[in-house]
Every structure is written in C-alpha cells, then in structure tokens.
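> Sequence first, then the predicted structure:
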Amino acid sequence: MTRQHTSSTSGRAPGLLLLSTIAAVALLLSGCGDGEEVDARALFAANCAVCHGPAGEGGAGAPPLSDPAYLPDQLSDAEMTASIRNGVQDVAEDYGAMPGFSRFDEEQLAALVELVRELQGS
C-alpha cells in the first residue's frame with residue numbers, strides 16, 4: 001500500500017497566525033516597514049500619547065509638549081532627540097520621569113522630533 005502525501009496547512013495555521021500577529025505588532029511599534037518612511041504619528045500614538053496625550057497636550061503625569069521649556073528656542077532638536085532616546089529623570093515635581101526609548105533608530109527619532117515640532121506649531 002502506497003502512502004499518499006497530502007499537503008495540509010491546518011496544522012500550521014495557528015503558527016502562521018501567531019507569526020503574522022507578531023509581525024503586525026512589531027511593525028506598529030517600529031512605526032515603519034521595509035523601505036517605507038517612518039510613520040511618526042503611529043510611533044507617537046503607540047509610545048508617547050499615553051503620557052503626553054494624543055496631540056501632545058499633556059496628561060497622566062507628563063507635561064504638554066507646547067510648554068515653553070520644550071520649544072526650539074529652549075530645547076534644541078538634538079537635546080530633544082537625546083531626551084527621547086535616554087529618558088528624562090530631572091523633571092518638575094508635578095511630573096514623573098520619562099523612560100528612554102533607546103530602541104528607536106535615528107530615522108524614528110528624527111521623525112518624532114519633527115512631529116513634536118509640528119504639534120508645537122514650530
């Protein structure tokens with residue numbers, strides 16, 4: 001008796017679904033895909049808005065990004081980039097410390113700084 005080989009994906013479907021889900025979440029967290037521009041708004045929404053608010057208005061223990069201390073004449077783009085990458089421990093008493101986001105690459109950091117400047121009206 002010859003055994004017939006049948007190809008079935010039913011045993012693989014849960015694994016493929018899990019891999020697809022993981023890839024989608026990683027894409028959302030990274031804010032970009034292969035060869036695509038960084039989606040700064042998605043990156044901000046997934047990582048910053050929980051504390052700074054969806055439009056940077058502040059909340060949940062984080063300051064509004066329109067505070068004069070964060071405007072370009074007080075905080076350069078390079079300083080803002082370093083603050084996002086490394087976090088901020090020395091904060092006003094009304095706010096908690098900001099964690100660092102060292103997982104962001106230079107392109108993501110630049111896109112976030114550009115978005116914050118846009119939210120500030122700078």
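Perfect, I can see it now.
> ok, now which ones touch residue 84?
100-101, 104, 109, 112-113 (C-beta atoms under 8 Å, 6 or more residues apart in numbering). Heads up, the C-betas are built off the backbone N, CA and C, glycines and all.
> out of the residues you listed, who has the most neighbours?
Comparing the contacts of residue 84 by number of neighbours (other C-beta atoms under 10 Å), residue 112 comes first, having 24 neighbours.
> Need the pLDDT of it.
Looking at residue 112, its pLDDT reads 97.
> residues touching it, list them.
Contacts of residue 112 by C-beta under 8 Å, 6+ apart are 40, 43-44, 48, 84, 104.
> mind exporting the helix or strand where it lies as PDB, just the C-alpha atoms?
Assigned by DSSP states H and E, residue 112 falls within helix 106-120. The C-alpha trace of helix 106-120 is given here as PDB (Å, rounded to 0.1, in the frame of the first residue of the first chain):
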ATOM      1  CA  GLU A 106      17.900  57.700  14.200                       C
ATOM      2  CA  GLU A 107      15.200  57.900  11.500                       C
ATOM      3  CA  GLN A 108      12.500  57.200  14.000                       C
ATOM      4  CA  LEU A 109      13.900  59.800  16.500                       C
ATOM      5  CA  ALA A 110      14.200  62.400  13.800                       C
ATOM      6  CA  ALA A 111      10.600  61.700  12.700                       C
ATOM      7  CA  LEU A 112       9.300  62.000  16.300                       C
ATOM      8  CA  VAL A 113      11.200  65.300  16.800                       C
ATOM      9  CA  GLU A 114       9.700  66.700  13.600                       C
ATOM     10  CA  LEU A 115       6.200  65.600  14.700                       C
ATOM     11  CA  VAL A 116       6.600  67.200  18.100                       C
ATOM     12  CA  ARG A 117       7.700  70.500  16.400                       C
ATOM     13  CA  GLU A 118       4.700  70.300  14.200                       C
ATOM     14  CA  LEU A 119       2.400  69.700  17.200                       C
ATOM     15  CA  GLN A 120       4.100  72.700  18.900                       C
END
